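**Student:** Build the 3D model from these lines:
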Amino acid sequence: MLLPFLIFLVTLILIIWQPRGLQIGTIAISGAIVALIFGVVNFNDVLSVFDIIWDATLAFIGIIIFSMILDEIGFFEYCALVMAKLSNGSGRAMFFYSIILGALVSALFANDGAALILTPILLAKMKILRLNTKTILAFLLAGGFISDSASLPFVFSNLTNIVTANYFNIGFGTFFANMIFPFFISTLISMLILWIVLRKDIPLHVDITLLKNPKDAIKHKGLFNFSWLFIALLLCSYFIGDTYHLPISLFALGGALIFLLIATFAKAVKPKEIIKDAPWQVVWFSLGLYIVVYGLKNAGLTNYLSEILLYLNTQSQLIAVVGTGFLAAILSAVMNNMPTIMIMDIALKDIANEAMIYANIIGCNLGPKMTPFGSLATLLWLHTLEKKGIKINYYSYTKFGLLVTPIVLLAVLLSLL
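**Tutor:** Coordinates of the predicted model:
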């Protein structure tokens, strides 16, 4: 167990540290190569990992490409401006509307999409509104939290959802039916707790006359109008594909490429730049980190977890669900939710308790908010803010995360019962 654990620990530290500007994908795949060299994993393990993550990773790339095109035509900026105008100058209303917008973007364009696309737009608008540093930080913390806590309703809302849905053969419609209520509970409880924690930094009034008209943000009116229809058709296609057991990535990536062709034909985007700027490093990050963690599985970690989960399953359903959710949450906070979801899925494989599977997903989606390195979305979010000149130190983030996350997590887990 020692060697696999050391390889994992060093890989995780380097991913968080990113020395000399090394990208997360490069570091993760390097860790995987080291694990292969030392025999912690073999090539059959690599094939097993690829089989688990290929659909999730390709779907993620598709969702981000689609989000980048929408961003190019002003879709998200328009939504952010509409949200701000609807507040009618009330700081409180703007705070709640911004969380609702973040929840919708997270649900429809994945948590990483919300972190990558929406954060810079909201930050730019807050600077135009001349909000003070504490207020900007409060809005950003709320936006960062909701990007993960609301990534529940659809299979494509989070990489962890896709991995688990594929692993347990959960259909798109079944997943939605089980997770739509926890999504609403998570959004509502998040709004309440975030308001209680951050309310002192939210101003009573905001001068929204400083913002431009939402329609002025639209860069291609025809494509903008068509995008609403395209999103609706894409959502329908996921449900239809579920009937024929087709992979999520077929629609997520296929839909993104079709929309890219349409946007290129309409001369709204430069396709080479969209493809070039897509987060390809995430492919290497997913594959590399999962291989490293597979070494922990080979060393027996999943056996220990299975014993704990089997014990929880012999207790009441309340203890089984809450125990599974918090176990997944703590592991995600400590060792990142990407590897956690895989080893927890493997450990849950022989336990016939569907609620524990969904509790695992909720734990892996919300638990990472307790630390700055718990999820890829948070790492991307912090990196995006740092590039914009806003530095949130790890201590402050962890203090905020530990204050907010457990209450929201408990409420969402209870909604499964």
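**Student:** need the contact list for the closest residue to Gly401 other than its chain neighbours.
**Tutor:** Leaving aside its sequence neighbours, Gly401 sits nearest to Met370 (Cβ to Cβ, 6 or more residues apart in numbering; 4.3 Å). Any C-beta I mention is one placed from the backbone N, CA and C, and that applies to glycine too. The neighbourhood of Met370, defined by Cβ atoms under 8 Å, 6 or more residues apart in numbering, consists of Ala329, Ile330, Ala333, Thr398, Gly401, Leu402, Thr405, Pro406.
**Student:** What's the ChimeraX line that selects buried ones from those residues?
**Tutor:** Selection of buried members from the contacts of Met370 for ChimeraX, criterion 16 or more other Cβ atoms under 10 Å:
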select :329,333,398,401,405,406
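**Student:** now the helices for the stretch 1-150 of the chain?
**Tutor:** Assigned by DSSP state H, counting those that start in this stretch, the helices in the stretch 1-150 of the chain fall at 2-17, 24-37, 43-72, 75-86, 91-113, 119-128, 133-149.
**Student:** Least confident of those helices, on average?
**Tutor:** Note on the helices of the stretch 1-150 of the chain: lowest mean pLDDT is at helix 119-128, with a mean of 78.
**Student:** Check which helices and strands that one sits against.
**Tutor:** Judged by 3 or more Cβ pairs under 8 Å, 6 or more residues apart in numbering; DSSP states H and E, helix 119-128 is in contact with helix 75-86, helix 133-149, helix 376-387.
**Student:** Present the ones you listed as a markdown table; the columns should include mean neighbour count and distance to Ile258.
**Tutor:** A markdown table is the format used below for the helices and strands packed on helix 119-128 (neighbours: other Cβ atoms under 10 Å; distance: least, Cβ to Cβ, whole Å):
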| stretch | mean neighbour count | distance to Ile258 |
| --- | --- | --- |
| helix 75-86 | 20 | 16 |
| helix 133-149 | 24 | 26 |
| helix 376-387 | 20 | 26 |
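**Student:** Quick one: distance of stretch 110-121 to the chain centre.
**Tutor:** Relative to its parent chain, stretch 110-121 has a centroid offset of 9 Å by Cα atoms, centre = their mean, to the nearest Å.
**Student:** Please write out the alpha-carbon positions of it in CSV.
**Tutor:** What follows is stretch 110-121, C-alpha atoms only, in CSV (Å, rounded to 0.1, in the frame of the first residue of the first chain):
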residue,chain,number,x,y,z
ALA,A,110,-21.6,21.0,-16.2
ASN,A,111,-19.8,22.3,-13.1
ASP,A,112,-16.5,22.9,-14.9
GLY,A,113,-18.3,24.9,-17.6
ALA,A,114,-19.8,27.1,-14.9
ALA,A,115,-16.4,27.6,-13.3
LEU,A,116,-14.6,28.3,-16.6
ILE,A,117,-17.1,30.4,-18.5
LEU,A,118,-19.4,32.1,-16.0
THR,A,119,-16.8,33.2,-13.4
PRO,A,120,-14.9,35.7,-15.7
ILE,A,121,-18.2,37.2,-16.9
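**Student:** which ones are touching Phe226?
**Tutor:** Ile262.
**Student:** Locate it within the secondary structure: which element?
**Tutor:** Assigned by DSSP states H and E, Phe226 belongs to helix 221-243.
**Student:** now that helix: mean pLDDT?
**Tutor:** The model assigns helix 221-243 a mean pLDDT of 90.
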